[in-house]
Structure formats: structure tokens, C-alpha cells
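Chemist: model this:
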Amino acid sequence: MDGQDFFLLNSNAQVVQYIRPVKDRTASDEFLMENLHLYIEGFPYGRMHVTEKLTGKFIGTFSLLYLDGEADYHIGYALLPEDWGKGYASELVKFGSAIFFKRTPHSCLFAITNPENLVSEAVLYKNGYHLSGEYQLDQKSLHLFKLDRL
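Modeler: So this is what the prediction gives:
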């Protein structure tokens, strides 16, 4: 993953408003290195660089990450604002969920959202996820969604 692209995403207040605090370049580079270490487990776990197929332009990231507690792994994505509303989020969730179940023995996959992020919740509902409960992270109460293996 390119450091400049990662910084472009993580320094954008609109992008990260429901995910994490805005990062400066140094913090973004450190976060990138943390993410690169996720690949030790091997694909499909980690955070991936997402590009538009026709142009090769960076549009965001997609992740399959470990989640502490009852939820083993969760799916996530972040897209640049100019790429919102183009169906990319739904495609990432649909494709990523299918890959997760194809390449792992896990019986379910989770997603977490800030309750105010109604757009992301709509994407999850559209792709078969259901609200499973709450998840506590850094003293914040988030919505926990679940997709069961079919």
C-alpha cells in the first residue's frame, strides 16, 4: 500500500469521522506499518489498497481484521468522498464477504459501525448482514452486525 494514498485517506476528516481520529503524516505512516504486519497471517486478513478498475486510481481501503471479544473477524472499508455513492462500498462488502467464507472455516463475519453512520449500515443490510448487538470500543458503543455462512 502506498504511504501517500494511505495518508490521503486517514487525514481526511470526512472519511474517518465514524472510524478513527484524523492522522497526521507521521501517525499515518506508523498506522500503515502496523497494517502491513497484519499480512503475517496471510490473505485474506489485513487492509487492502482499493483502486478503480478502469483508471487504476486509488479510491480507498478494504479490510478483514481480527476483532476482540465474541466477534472473531470483521469487515471494513473506507472510501474517498469523491467515490461515495458509486456502489463501491456494496461491491467491497459483497466480494469481501464471499472471499472470507471461501478462504476461511469461520461460520460468521462481523462488521461494526458507529450508530450515526446510517449509510454504512444500509450497505450492510443490503448485503445480508443483520444487527447482532452492541460492541464496546474505546468507551464508545458501536453497532455489531453479523453475516452467517450460508
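
Chemist: after the lengthiest helix in the chain, next one along is what?
Modeler: The single longest helix within the chain, with elements called by DSSP state H, is helix 88-103. Remark: after helix 88-103, the chain's next helix or strand is strand 108-113, criterion DSSP states H and E.

Chemist: show me what that following strand is packed against.
Modeler: strand 73-79, helix 88-103, helix 118-126, strand 130-137, strand 140-148 (3 or more C-beta pairs under 8 Å, 6 or more residues apart in numbering; DSSP states H and E). Heads up, the C-betas are built off the backbone N, CA and C, glycines and all.

Chemist: tell me the mean pLDDT over that strand?
Modeler: For strand 108-113, mean pLDDT rounds to 95.

Chemist: now swap in stretch 126-139 and tell me
Modeler: 93.

Chemist: so residue 115 sits against residue 141, correct?
Modeler: Yes - with contact defined as C-beta atoms under 8 Å, residue 115 reaches residue 141; the gap is 7.5 Å.

Chemist: please name the nearest non-neighbouring residue to residue 114.
Modeler: residue 18 (3.9 Å; C-beta to C-beta, 6 or more residues apart in numbering).

Chemist: how near is that neighbour to residue 66?
Modeler: 20 Å (C-beta to C-beta, to the nearest Å).

Chemist: neighbour count for those two, which is higher?
Modeler: residue 18 (15 against 11; other C-beta atoms under 10 Å).

Chemist: distance check, that one against residue 120.
Modeler: Distance from residue 18 to residue 120, by C-beta to C-beta: 7 Å.

Chemist: next, show the common contact partners of the two.
Modeler: residue 113 (C-beta atoms under 8 Å, 6 or more residues apart in numbering).

Chemist: now do the buried residues in stretch 77-95.
Modeler: For stretch 77-95, burial by neighbour count (16 or more other C-beta atoms under 10 Å) applies to 77-80, 83, 88-89, 92-93.
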